[in-house]
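*Asks:* Structure here, sequence nowhere to be found:
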């Protein structure tokens, strides 16, 4: 009985062993690799244009046998994705249950969506060519404005104000700003600065540009406006920036000649002109003050604005031929300012203004002691009437009693006026035209005997004919200062067609320059014409006694 039991146990163990051997042979036939990729799909979403974005991808063997890798690539090949493996460690084998990392790089060349496939070829018998979708989007640009609204608070007329804001590209592609404009419905005081302000152009990713807005009040009270930024920003192609301000208008300043009530007034010499600013108005009814300033006066003039006893008036004495410009500034109680201007034209039918400078190489220009400094020369201006000659100073004294043959007074109260036809330092107010009629006589308004001018000769109501303009280098007290002279010419208060005769360098003391000839014809249009010798100036030696009489 014991033997039978033993035999049965042996048979059973043999059957079990055979059965186990058949199972192991069946499991070995099921061993195989299996490729998988994480993540799957590969999605880059929004990424910066023309820049690399990297994502780590894992190639896994989730099968039951080692896996051989023959290829990892992007299809199509021209898609903006690339595969980057660990340098020196190309993936060619992945053991059972293991993974190998690599990178996929997205480099969008422009904004917009892109698609491709990551292709992995292995010895996986079920999926020898695994394809994983890849997606990515380049851009877009986005716009951010800081601050989002521009506020000026109180702005005074006459004192414009400016504010700045920034445009920032917070997106993923270059922001193309095509224009920045003020909405036409805005208060007219708002405007864009011409300088120091971004007008239009490209803004790179992460970059900021500055825009400057100005406010020049034109209407009183609260001012509103809107600024438009036109661009290709995502969702905001027309970015609106509100503008607000409070405007304070300045006084409306008006200044006129008191009698004629005009702001551009013509007058003769040696008269007082009263200017009146009483028509100034403050639009908001505030108190205001006025300040007066001389902007321009003729060279050599000593005129100043004098009080008249009335706050809104000033008096000006006209002592030279030329233009006088007076500015009046009105300031209200809150600080807004505005200006008004009056022009006084001291007009003579013909006016000549001589000025001169030391020669370019004059030693006095670098003198270190006062006695050798420049400004000691005497240059004389001459205007010779039709039919006259240079140096014709003393042709009678217009029948004046108490005058000698050189037209100098010999008794108290005598007025001696020569009929000589050369108006100059020795004949400053000769009697030309109709005898004893002062309205047709020339005057030497200024004679400068030591300096750089001006010397001025003027004339009203000339007779028909040719008037010769000449310049004489009378005295070079330093003997080496020299003179470079020019003559400005005015017809009826305006610069002549050739406004300046010269400049011409007078080489030595005694040099005489024929500067030009003024032609007058009362029946022609224009009545004045001129011959100048600027192209080839005529310079000769003058008479020895020309400036010693």
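*Replies:* Nice, I can see it. Computed from a prediction, not measured in an experiment: that's the story for all the values here. Numbers count the residues shown, from 1 in each chain.
*Asks:* which regions of the stretch 301-450 of the chain lie under the pLDDT threshold?
*Replies:* 398-399 (pLDDT under 70).
*Asks:* if you set the cut-off to 90 instead, what comes out?
*Replies:* Residues of the stretch 301-450 of the chain meeting the criterion pLDDT under 90: 301, 309, 319-322, 335, 346-348, 361-376, 394-419, 433-440, 445-450.
*Asks:* For it, which segments count as strands?
*Replies:* Using DSSP state E, counting those that start in this stretch, the strands of the stretch 301-450 of the chain run over 305-307, 313-317, 322-332, 337-346, 350-357, 377-384, 422-423, 442-446.
*Asks:* So which residue is dead centre in the protein?
*Replies:* residue 195 (5.9 Å; Cα atoms, centre = their mean).
*Asks:* That one and residue 210: what is the separation?
*Replies:* 12 Å (Cβ to Cβ, to the nearest Å). In short, each C-beta sits where N, CA and C put it, glycine included.
*Asks:* ok, the closest residue to residue 364 other than its chain neighbours - contacts?
*Replies:* Excluding the flanking residues, the one nearest residue 364 by Cβ to Cβ, 6 or more residues apart in numbering is residue 374, at 4.0 Å. For residue 374, the contact set (Cβ atoms under 8 Å, 6 or more residues apart in numbering) comprises 358, 362, 364, 365, 367, 478, 481.
*Asks:* go again using 7 Å as the cut-off
*Replies:* Contacts for residue 374 (Cβ atoms under 7 Å, 6 or more residues apart in numbering) come out as 358, 362, 364, 365, 481.
*Asks:* so where do the helices sit in this protein?
*Replies:* 2-28 (DSSP state H).
*Asks:* Need the strands of the stretch 301-450 of the chain in TSV (columns: distance to residue 264).
*Replies:* Listed next are the strands of the stretch 301-450 of the chain as TSV, based on distance: least, Cβ to Cβ, whole Å:
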stretch	distance to residue 264
strand 305-307	18
strand 313-317	14
strand 322-332	10
strand 337-346	5
strand 350-357	18
strand 377-384	28
strand 422-423	30
strand 442-446	22
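*Asks:* can you list the ones you listed in TSV and add mean neighbour count and distance to residue 280?
*Replies:* Shown next, in TSV, are these (neighbours: other Cβ atoms under 10 Å; distance: least, Cβ to Cβ, whole Å):
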stretch	mean neighbour count	distance to residue 280
strand 305-307	13	16
strand 313-317	19	12
strand 322-332	21	6
strand 337-346	20	7
strand 350-357	25	33
strand 377-384	25	42
strand 422-423	26	43
strand 442-446	23	34
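*Asks:* Can you check which of those gets nearest to residue 470?
*Replies:* Smallest distance to residue 470 across the strands of the stretch 301-450 of the chain (Cβ to Cβ): 4.4 Å, for strand 377-384.
*Asks:* which helices and strands does the closest one pack with?
*Replies:* strand 350-357, strand 422-423, strand 455-459, strand 465-476, strand 483-491 (3 or more Cβ pairs under 7 Å, 6 or more residues apart in numbering; DSSP states H and E).
*Asks:* what does that strand contact?
*Replies:* By Cβ under 7 Å, 6+ apart, the list of residues contacting strand 377-384 from outside reads 352, 354, 356, 390, 421-425, 442, 449-450, 455, 457, 467-477, 481, 483, 485, 547.
*Asks:* again with stretch 71-91
*Replies:* Contacts of stretch 71-91 (Cβ under 7 Å, 6+ apart): 59, 69, 100, 102-109, 114, 116-121, 134.
*Asks:* Filter the residues you listed down to the buried ones and hand me the ChimeraX line.
*Replies:* Restricted to buried positions by 16 or more other Cβ atoms under 10 Å, the ChimeraX selection for the contacts of stretch 71-91 reads:
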select :59,69,100,102,104,106,107,108,114,116,117,118,120,121,134
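*Asks:* Mind checking which of the contacts of stretch 71-91 are in strands?
*Replies:* With DSSP state E as the criterion, strands contain 59, 69, 100, 102-106, 114, 116-121, 134 from among those.
*Asks:* and stretch 241-252, how far from the chain's centre?
*Replies:* Stretch 241-252 sits 24 Å away from the centroid of its parent chain (Cα atoms, centre = their mean, to the nearest Å).
*Asks:* And the contacts of stretch 513-523?
*Replies:* Here stretch 513-523 makes contact (Cβ under 7 Å, 6+ apart) with 350, 462, 464-471, 485, 487, 501-502, 504, 506, 527-533, 537-539.
*Asks:* could you redo the last one with a cut-off of 6 Å?
*Replies:* 462, 464, 466-471, 487, 501, 504, 528-532, 538-539 (Cβ atoms under 6 Å, 6 or more residues apart in numbering).
*Asks:* cool, and stretch 162-181?
*Replies:* Residues from elsewhere that reach stretch 162-181, judged by Cβ under 6 Å, 6+ apart: 46, 48-49, 111, 139-142, 144-147, 150, 152, 200, 202-205, 207-214, 228-233.
*Asks:* hang on, the earlier thing: show me what contacts the residue nearest to the centre of the chain?
*Replies:* With contact set as Cβ under 6 Å, 6+ apart, residue 195 has no partners.
*Asks:* Quick check: pLDDT value at it.
*Replies:* Listed pLDDT for residue 195 reads 94.
*Asks:* The nearest residue to residue 373 once chain neighbours are set aside and residue 159: what is the separation?
*Replies:* Excluding its sequence neighbours, the residue lying closest to residue 373 (Cβ to Cβ, 6+ apart) is residue 367, at 5.0 Å. Residue 367 sits 46 Å away from residue 159 when distances are taken as Cβ to Cβ.
*Asks:* same question, residue 303
*Replies:* According to Cβ to Cβ, residue 303 and residue 159 sit 30 Å apart.
*Asks:* now residue 368
*Replies:* Separation of residue 368 from residue 159 (Cβ to Cβ): 46 Å.
*Asks:* likewise residue 213?
*Replies:* Relative to residue 159, and taking Cβ to Cβ, residue 213 is found at 16 Å.
*Asks:* and the two? which has more neighbours close in?
*Replies:* Taking neighbours as other Cβ atoms under 10 Å, residue 213 and residue 159 compare with residue 213 leading, 23 against 15.
*Asks:* give me every residue that touches that one.
*Replies:* Going by Cβ under 6 Å, 6+ apart, residue 213 touches 150, 163.
*Asks:* Include distance to residue 240 when you put the helices and strands packed on strand 377-384 into CSV, please.
*Replies:* Below are the helices and strands packed on strand 377-384 laid out as CSV (distance: least, Cβ to Cβ, whole Å):
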stretch, distance to residue 240
strand 350-357, 59
strand 422-423, 71
strand 455-459, 62
strand 465-476, 66
strand 483-491, 56
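*Asks:* what's the closest of the ones you listed to residue 252?
*Replies:* Short answer: strand 483-491, nearest of the helices and strands packed on strand 377-384 by Cβ to Cβ, at 33.2 Å.
*Asks:* Now do the closest one and strand 350-357, the angle between them.
*Replies:* In terms of direction (axes from the mean of the first three to the mean of the last three Cα atoms, to 10 degrees), strand 483-491 departs from strand 350-357 by 160 degrees.
*Asks:* Which other helices and strands does strand 483-491 contact?
*Replies:* Strand 483-491 sits against strand 350-357, strand 377-384, strand 494-506, with contacts defined as 3 or more Cβ pairs under 6 Å, 6 or more residues apart in numbering; DSSP states H and E.
*Asks:* neighbours around residue 45, how many?
*Replies:* Count around residue 45 with other Cβ under 10 Å applied: 9.
*Asks:* re earlier: may I ask which of the contacts of residue 374 has the most neighbours?
*Replies:* Top of those by neighbour count (other Cβ under 10 Å): residue 481, with 24 neighbours.
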